[in-house]
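Student: structure of the sequence below:
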Amino acid sequence: MERLKALVRILPRVAVAVGAGALLGLAYQPHDHPWLAIAAVPLLLAMLNGVSMKGGFLVGAGFGITYYAVLVPWLTVIGGDAAIALAILEGLFYGVFGALASQTLKHKLWMLWVPCLWVATEYATGSVPFGGFPWGRLAWAFADSPLGKLASLVGIAGLSFVLALLGVLVYAVLRRRSALSLRAVSLVAGIAIVGLSSLVTLSTEGNGKTVTAAMIQGNVPGKGLEFLGRARTVTKNHMNATLDLEKQIEAGSQVKPDLVIWPENSTDIDPYKDFETKQDIEAAVQAVKVPILVGAVTEGPGPNERQTTGIVWDPATGPGQRYAKRHPVPFGEYIPFRDQLLPYIKRLEMIGRQTIPGVGPGLMPIKGVMYGDLICFELAYDNVVSDVAKGGAQILIVQTNNATYGDTGQPEQQFAITRMRAIETGRTVLIASTSGISGVINPDGKVEHKSGQFVPDVYVAKVPVRDQKTLATTLGGWPQWILTGLGILGAVLALLARRKPRTEDPGNPPAATPDRAKVPV
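Tutor: Sure thing, here's the model as predicted:
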């Protein structure tokens, strides 16, 4: 009976946390209300104030599941069950956050430990299982905010820490039991963070050299799971768009590019083995007489296996450099536990052959310029981006195919992530998509060109070649590892402190009166 009463008492907190999760989901594209993130975090902390670990888990899970349900509804294209499963899986990470944060809030250094614990949670969601799903990081919502510029200094994880810290500061200011001095310091610190971020300047100057590149969006026959329609049609669409570009060059209405970029899956048939596909690519390459970076699905390396690749196709030497996607999407490009799951989930048969991850970064020297190739979702993974940025990439390329999720909000979210990567690395990003969104993002994150969806689009851009590395690139993964370690340390210290009798209020932690704050679920 007592447990039932405790559960009833915690339910209002869970309900408010669900609302906070919805607010956080609305911070991102296509809704684009980033400051809701700064409101959602303190609201969650208020609901975690004084609850037990079990209660904190329920509050955090309610928050996290709702957050991901609002953030990634586009997964319902695959199936409603897939969207629900992902929301529950990712939400449970925030359940763990809630359980630990409910105790960390009682520690005298809670204002440091809690934002670090948030970074640790994001690190966990972006790492496990099956390589993780780093789509729900606070930083992704702030490409248009002055705060977003901090990513060039401290990286994506560091920016998420700053944003979570702002949420903590807001909570400290609004919490009724906060001492006046703590409120004042928190208010000043929050204003200082926002003010100083506006003073950060992002350079877009190159090394004196420029490159002219053409992004080809040939469009696809359909949407959803049937986006490719006739596989050859997709390749011919990109070939024809490239031939049209050459006609414009000959007519003098367009400048000749140094490189043409086709998107991921611009050919879904192996061009090494299919004669007609190879002919179509050759026709396009010989027309423009410059290399084309082709997005191709290739067979192998083993039987019933494939790879998603970018292939540099030269007009003189044919196919040459090749990069294979390192982070294929589980249950989208390959099936974990394939033999065990296929007999029970027939829908997975649509995935076909297993996509095998590539080895090594997508560094491609082309005509004296080092390009860093990223394929679709893997631009959200820090290690993939860091490898090409640290490896000397002067310009970033994103080859993507979002046709499955067209007009669902997913392409807009991915475009926002790409903008944050431009800021973090200080590099121009050239994006080619089969059906949108293609475009050009400057090194300061500003958009030079953004295509529509499900329309052909050809854009030629002259962009700077840059050598100078940002501080975030130099630091690499260290901010994330340090902050994650501090978050874990804070949680451990808070748990150890539970075993000791408390004699004083350590630094005004957010404790409330015993009869209302402690919810022993």
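Student: now do the end-to-end distance for stretch 422-436.
Tutor: 18 Å (C-alpha to C-alpha, to the nearest Å).
Student: from the chain's centroid, how far away is it?
Tutor: Counting by C-alpha atoms, centre = their mean, to the nearest Å, stretch 422-436 is centred 13 Å from the centre of its parent chain.
Student: stretch 322-336 too?
Tutor: On C-alpha atoms, centre = their mean, the centre of stretch 322-336 falls 16 Å from that of its chain.
Student: what pLDDT, on average, does it get?
Tutor: Taken as a whole, stretch 322-336 has a mean pLDDT of 92.
Student: ends of that stretch, what's the gap?
Tutor: 25 Å.
Student: what sits up against that stretch?
Tutor: Residues from elsewhere that reach stretch 322-336 (C-beta atoms under 8 Å, 6 or more residues apart in numbering): 78, 82, 129-131, 298, 307-312, 341-342, 348, 351, 354-364, 373, 375-378, 381, 384. Backbone N, C-alpha and C define where each C-beta goes, glycine included.
Student: so who does the residue nearest the centre of the chain touch?
Tutor: Geometric centre of the chain, nearest residue: Ala380, 3.5 Å, by C-alpha atoms, centre = their mean. Contact partners of Ala380, counting by C-beta under 8 Å, 6+ apart, are Gly126, Pro134, Trp135, Gln414, Ile417.
Student: now do the third one against Ala141, distance only.
Tutor: In this structure, Trp135 and Ala141 are 11 Å apart, going by C-beta to C-beta, to the nearest Å.
Student: who's more crowded, these two?
Tutor: Ala141 (29 against 20; other C-beta atoms under 10 Å).
Student: assign Val458 to helix, strand or coil.
Tutor: Judged by DSSP: H, G, I helix; E, B strand; the rest coil, the three-state class of Val458 is strand.
Student: now swap in the one 5 residues further on and tell me
Tutor: In the three-state summary, Val463 is assigned as strand, counting by three-state DSSP.
Student: in the sheet, who's paired with it?
Tutor: Val463 has the following beta-bridge partners by DSSP bridges: Val211.
Student: and it, what is it in contact with?
Tutor: Neighbour list for Val463: Gly206, Thr210, Val211, Thr212, Ala213, Ile395, Thr428, Leu430, Val440, Asn442 [criterion: C-beta under 8 Å, 6+ apart].
Student: all helices for the stretch 101-250 of the chain, in order.
Tutor: Ranges of helices within the stretch 101-250 of the chain are 110-125, 151-174, 180-198, 231-251, based on DSSP state H, counting those that start in this stretch.
Student: dump the ones you listed to CSV, plus mean neighbour count.
Tutor: Putting the helices of the stretch 101-250 of the chain into CSV (neighbours: other C-beta atoms under 10 Å) gives the following:
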stretch, mean neighbour count
helix 110-125, 25
helix 151-174, 24
helix 180-198, 14
helix 231-251, 19
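Student: rewinding a little: how close does the residue nearest to the centre of the chain get to Val463?
Tutor: With C-beta to C-beta as the criterion, Ala380 and Val463 are 23 Å apart.
Student: what of Ile88?
Tutor: 42 Å.
Student: pLDDT weak spots in the stretch 251-400 of the chain?
Tutor: Judged against pLDDT under 70, the stretch 251-400 of the chain has no low-scoring part.
Student: please redo it, this time with the cut-off set to 80
Tutor: Scanning the stretch 251-400 of the chain for pLDDT under 80 picks out 339, 341-351.
Student: all helices for it, in order.
Tutor: Under DSSP H, counting those that start in this stretch, the stretch 251-400 of the chain gives helices at 275-288, 338-341, 382-390.
Student: which of those sits most buried?
Tutor: helix 382-390 (a mean of 20; mean count of other C-beta atoms under 10 Å).
Student: for that one, packing partners?
Tutor: With contacts taken as 3 or more C-beta pairs under 8 Å, 6 or more residues apart in numbering; DSSP states H and E, helix 382-390 sits against helix 151-174, strand 369-375, helix 410-425, helix 471-475.
Student: export the ones you listed to CSV and tack on distance to Val294?
Tutor: Shown next, in CSV, are these (distance: least, C-beta to C-beta, whole Å):
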stretch, distance to Val294
helix 151-174, 30
strand 369-375, 11
helix 410-425, 20
helix 471-475, 28
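Student: between the ones you listed, which one is nearest to Asn219?
Tutor: Of all the helices and strands packed on helix 382-390, it is helix 410-425 that lies closest to Asn219, at 13.4 Å by C-beta to C-beta.
Student: next SSE downstream of that closest one?
Tutor: Next along the chain after helix 410-425, taking DSSP states H and E as the criterion, comes strand 429-433.
Student: parallel or antiparallel, which strands does that next one pair with?
Tutor: Checking strand 429-433 against DSSP bridges gives partners strand 395-400 (parallel), strand 439-441 (antiparallel).
Student: centre of the chain to the longest one, how far?
Tutor: I take that to be strand 395-400. Its chain's C-alpha centre and that of strand 395-400 lie 14 Å apart, by C-alpha atoms, centre = their mean.
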